[in-house]
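Student: model the structure of this input:
(2 chains)
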Amino acid sequence: MNYLLKRLLAVIPVLAVVAVIVFLLLHLAPGDPAVIIGGDTASAEDIERIRETLGLNRPLPEQFFHWVGQILQGNLGTSVFTGMPVAEMIMQRVEPTLWISALTMLFAVVFAVPMGIVAAWKAGTWFDRAISGLAVAAFSLPVFVIGYGLVYGFSTRLGWFPVQGFKSLSDGFVPFIRHLALPVISGGLIYMALLARMTRSTMLEVLGEDYIRTARAKGLSKRRLLLRHALKNAAVPIVTTIGLGIAMLLSGVIVTESVFAIPGIGRLTVDSILRRDYPVIQGIVLVTATAYVVINLVTDLLYGLFDPRIRY
Amino acid sequence: MRMPTLFRNSILTVCLLSGTVLVSQPAFAATIHMIPQGDLKILDPIQNPGYITRNHGYMIYDTLFAQNAAGVVKPQMVDGWTVSADKKSWSFKLRDGLKWSDGSPVTAADCVASLKRWGAKDVSGRLLFAAIGDIKAVDASNFSITLKAPFGPVLEMLGKPSSNVPFMMPERIAATDPNEQIKETIGSGPFVFKRDEWVPGNKVVYIKNPLYVPRKEPSDGLAGGKVVKVDRVEWNYIPDQNTALTAFRNGEMDIYELPPADFIPTLTTDANIKLAADPLGNQGWLRPNHLAAPFDNPKARQALYFLVNQGEYLAAAGFPEAYRHKTCMAYFMCGSLNESSSGAAPYAGGKDLEKAKKLLQEAGYKGEKIVVLTPSEPPVQAAAAMVTVQNLKKAGVNVEAQAMDWSTLLARRSKKDGWHIFHTFSVGADVFSPAVNAYAQANCDKAPSGWPCDTKLEELRAAWVAESDTTKRKAITDDLQKRMYEVVPYVNFGQFFQPMAYRNTLSGVLNVGVPVMWNIEKK
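Tutor: Predicted coordinates:
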C-alpha cells in the first residue's frame, strides 16, 4: 500500500517537469496561432489584436502560471481555435484511441503468445522458421503500407470493410467491428511480431532450465509443462513488452488513425501541433504522461502476480 | 466441443445489444457526406477569412445580397432597396418572415451590427465603412446607409461572395470584438450547425433549418432560392488524401471538395464521378517582401516576372492542361469584369532569365542570400516555391529554400525580416476587383505580409471604389493595373481551376466556387 502511494505521489513531480518542458518547448518553437487565425489577408495590426484577445501577448511566465492555476483547478484550458474546453476535445478522442489500442494489443497477444510458445517448443523446425520469417516481415513493413494494402484488398476489391472512419460501440457492434478490423490488424501486426519474437526467445531460455528438464522427466503433460511451468516463468519480460507496447500504442496509433481517418488522440495531437493550439497540446501531453505513469505502475504490480519473489 | 457457457452467453448478449442499438439508430435517408478541403476549427467567418470557415458561414448564415452565376448582385435577405440620385443615401428593407435559427426574428438592428463587425475586419468592408457617414436601423425591418464620400460598389460589397463574406448574425453575437471568436452559432441560413455533434478534426454536422425562408426565385449562383432538399449534411474530414480518394471512389462519400490536382486524371476516368470547377478559377501569388533588399527596389520585383512561366508553375502543381488558364496577365483575373491587359506588355514575352539578371543588377543585387519560404504543404504553394527556387538559381541568385510546415511559414512571414519570398493563392472571388483583392493593397503596414507601400496605387484604389460609372471604372482599372505592374505587389504565377468532385448520385450541384449544399438532391 505504501509502495502504491509512493508511486502515485511520484506522478506529481514527473507531471510538473513534463508541464514545464512542454510549455517552454511549445512557446519557444516557431509558430503563432494568431497568424493562423488572422489568415492570409491579416495585417500586422490584426494579428496583434488577435494575440491580445487570446492573451498570447502576455509575458511567458504570466501565461505559464495562468495555465498552471487552471490545471490546479482541474481545468485543462480552452482551445484557442475551436473555443472548446480541452478536456472535452480529449474526451471526444479517447474512445477511438482506447479501442484501437486495446484491440490491437489483444489481437497481438492472442496470436503472438501461442505462436512464440510453439516456435520455442519446435525450435529449429520449419514452423519456427516460418514464424520467425513472418515476424521479421511484419516488423519491417511500415504500418501505412500494411494499411493501404488491407484497404485495397478488403475495402476496394472485396468491399468487406469501410475505407475509413470510426463507429462507436453505441452505434452497434457490427459497424463498430467493421470499422476497427483493418486498423487493428494493420497496427497489430508489428506488435504481434515483436511479442512473438520476445515470447519465443524468453521461452527458449526457460525451456533450457534444469527444472523444466526435471518436470519433463517426471512425465508432465506438454500443455501443463508449457503453460504452468515455462510460460509463467517467462511472463515477466512478456508482460513488460505488453506494457511498453500499450504505452507506445497510445501515442503511436497516429499512423493508423491517419490512414483510416479515425478521430483519436494521435490525430488530435498532430493537428494541434500543426496549428500551434498550445492549450490542447499541453493538455494531451499531461494526460498522456499520466497514462504512461499509470501503465508503468500497473505493469510493475503485475510482476508480483507472475513472480512471487517480486514484492514491493 | 461445447462452447463454455459464460463465453457463449457473452457473445449472445453482445449480439443482442448490438442489434438493439442498430435498430435504435436514427436513419438519415438524405444525408450528404462531403470531404471538406480542411478541418473546420474556427466557427467565426468574420474573425477568420479561411475558406473552410467561409464555407461553414454559407451553411448557417445568410447575406443581404448575393452574386448570381453571371456575377450580378441580387437581393437575398433584402426585399427591396432605394438609393438617392447622388447615390449617397441608401435604404434597405428586409424580407418578411426571416428568423434566426433560435426562433427570434431577424431585425434591421441585427443587420447593422453584423455589417459594422464585418466592416471592421474585411478589406473591402473597411473601404466601404471609410465612406459611410451613418448606418442605422430605421425600424425592425428597415435600415439605412448614408455615405459621406462617394462609393461605387455598395451593393457589390454587401453581396461580396468570398472572404470575408458579410454574413448576418444576431446583434448580441455581432457585438463581439471582430478579433475575438463568436461563442454562438445562430444564423438565418439554410442549415443549422449541430454543435453537439461537432468533433473538430473529424466531423461537422448540419441539419436542414426548419425556420429558413428561401426566396421564390430559382437558385442562381449564390443568389436565388436556397432550397434545401436533404435532411442532413456531414463534413467528414479525412487528412490523408489517398484515404480520401479511396473512400470517395468507394461511395462512402458523396463530395470531395478539393481533390489534389494529381488526382484529377484518375477522377476524370471514373464514370460515377463528375467534376465541376469554378469558371473564374484561382490565382497563384508569388509575394516578395517589399521591405527586404533587393526587393525593396521595384526593379528587383519586376525581375521576378521574367522568372515566371505560368505553365511551368501549374504543371509542377499537378494541374492537367484542361484545368489551367494558358497565360493570364490580368491582376484581377482573366474572365472577370475587371480583366485588363494594361501594363502587361513588357512581360508578354514570358520567362527571360537574362532580363531578370539585368534588372536584379540594376536593383543593386550583389549576391546576397535570398530566402524563399518553402512549405511542405499545401501542394500548390509547395510546388510553386520549388519552381521559384530553381528559376532564381538559374538567374544566378544566391537562394536558400527554407523548408517548413505551413504554420511556421505563416509565423515567419508575419515578421518583417528574415525572408524574401513566399507563395500563396486565392480564389477568383477574392481577386477579381481592386476592392476585394487584399494583396493589391499598397498601404504599407496595413497591407498583408510583404507590405507594399505606394501612394499612387492606393489613390487609384480609392478612385476605383469611389467611381460608380462602369466605363470610368474600367479606365481606372487599366491605370491601376499599369501601376501594379510597376510596383509589383505580387507576381501572378498562374490562373488555375480547382475542381470539386461529386458522385453521380447527386443532382442539382451548384458550381459557384463554394460548396453550397442547397438545391442538391441525392438519389
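Student: gap between the helix or strand where residue A:26 lies and the chain center?
Tutor: Assigned by DSSP states H and E, residue A:26 belongs to helix A:2-28. Distance of helix A:2-28 from the chain centroid (CA atoms, centre = their mean, to the nearest Å) equals 19 Å.
Student: mind listing what residue B:200 touches?
Tutor: Shown in contact with residue B:200 (CB atoms under 8 Å, 6 or more residues apart in numbering or on different chains): A:79, A:81-82, A:84, A:89, A:271, B:39-41. Where you see a C-beta, it was placed from the backbone N, CA and C, and this is true even at glycine.
Student: how about residue B:408?
Tutor: A:30-31.
Student: show me what residue B:234 is bridged to.
Tutor: For residue B:234, the beta-bridge partners are residue B:33, residue B:205 (DSSP bridges).
Student: my guess is it contacts residue B:203. True?
Tutor: Yes. With contact defined as CB atoms under 8 Å, residue B:234 and residue B:203 form a contacting pair (6.2 Å).
Student: residues contacting residue B:277?
Tutor: B:323, B:497-500, B:511.
Student: report the buried members of these.
Tutor: Buried members of the contacts of residue B:277, scored by 16 or more other CB atoms under 10 Å in any protein chain shown, are B:323, B:497-500.
Student: from those, pick out the ones that also neighbour chain A.
Tutor: For chain A, no contacts are drawn from the buried ones among the contacts of residue B:277 by CB under 8 Å from any CB of the partner chain.
Student: next one: phi and psi at residue B:79?
Tutor: phi -90, psi -50 (degrees, to the nearest 10).
Student: who in the stretch 201-350 of chain B is up against chain A?
Tutor: So the stretch 201-350 of chain B meets chain A at B:201-203, B:236-240, B:242-244, B:246-247, B:249-250, B:252 (CB under 8 Å from any CB).
Student: mind redoing it with 7 Å?
Tutor: Applying CB under 7 Å from any CB of the partner chain, we find that the stretch 201-350 of chain B lies next to chain A at B:201-202, B:236, B:238-240, B:242-243, B:246-247, B:250, B:252.
Student: what's residue A:282 sitting at in phi/psi?
Tutor: phi -60, psi -40.
Student: need the pLDDT of it.
Tutor: On the pLDDT scale, residue A:282 is placed at 91.
Student: repeat for the one 3 residues further on
Tutor: You'll see residue A:285 listed with a pLDDT of 89.
Student: does anything pack onto the helix or strand containing it? Which helices or strands?
Tutor: Secondary structure assignment for residue A:285, by DSSP H and E: helix A:278-306. For helix A:278-306, the helices and strands in contact under the criterion 3 or more CB pairs under 7 Å, 6 or more residues apart in numbering or on different chains; DSSP states H and E are helix A:2-28, helix A:86-121, helix A:232-252, helix A:265-275.
Student: domain parsing for chain A?
Tutor: A:18-72, A:94-275 (automatic domain parsing).
Student: now the terminal residues of the shortest one, how far apart.
Tutor: What that stands for is domain A:18-72. 15 Å (CA to CA, to the nearest Å).
Student: return the most buried member of the helices and strands packed on helix A:278-306.
Tutor: helix A:265-275 (a mean of 23; mean count of other CB atoms under 10 Å in any protein chain shown).
Student: residue of the stretch 201-350 of chain B closest to chain A, please.
Tutor: Nearest residue of the stretch 201-350 of chain B to chain A (CB to the nearest CB) works out as residue B:202 at 3.5 Å.
Student: if we ignore the residues flanking it in sequence, what's nearest that residue?
Tutor: Excluding the flanking residues, the one nearest residue B:202 by CB to CB, 6 or more residues apart in numbering or on different chains is residue A:263, at 3.5 Å.
Student: residue B:422 belongs to a helix, doesn't it?
Tutor: No. Under DSSP: H, G, I helix; E, B strand; the rest coil, residue B:422 sits outside any helix and is assigned strand.
Student: OK, contacts around it?
Tutor: Applying CB atoms under 7 Å, 6 or more residues apart in numbering or on different chains to residue B:422 gives the contacts B:287, B:373, B:409, B:413.
Student: residue B:247 reaches residue B:253, doesn't it?
Tutor: Yes. Counting by CB atoms under 7 Å, residue B:247 touches residue B:253, with 5.2 Å between them.
Student: give me the domain ranges for chain B.
Tutor: According to automatic domain parsing, the domains of chain B span B:5-13+B:26-38+B:190-259+B:501-522, B:65-174, B:282-496.
Student: circling back: got a markdown table for the contacts of residue B:422, with pLDDT, neighbour count and distance to residue B:440 too?
Tutor: As requested, the contacts of residue B:422 are arranged in a markdown table below (pLDDT from 0 to 100; neighbours: other CB atoms under 10 Å in any protein chain shown; distance: CB to CB, whole Å):
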| residue | pLDDT | neighbour count | distance to residue B:440 |
| --- | --- | --- | --- |
| B:287 | 97 | 26 | 12 |
| B:373 | 96 | 25 | 21 |
| B:409 | 89 | 26 | 22 |
| B:413 | 91 | 21 | 18 |
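Student: ok, how many other residues are close to residue A:74?
Tutor: The number of residues packed near residue A:74 is 7, by other CB atoms under 10 Å in any protein chain shown.
Student: hmm, I typed the wrong one, I wanted residue A:147.
Tutor: Residue A:147 has 24 nearby residues by other CB under 10 Å.
Student: helix or strand: which one has it?
Tutor: Since the elements are taken from DSSP H and E, residue A:147 ends up inside helix A:143-150.
Student: can you tell me the closest non-neighbouring residue to residue B:92?
Tutor: residue B:81 (4.6 Å).
Student: touching the helix or strand where the one you found lies from outside, list them.
Tutor: In this assignment (DSSP H and E), residue B:81 forms part of strand B:78-83. Residues outside strand B:78-83 that contact it (CB under 7 Å, 6+ apart): B:64-65, B:89-95.
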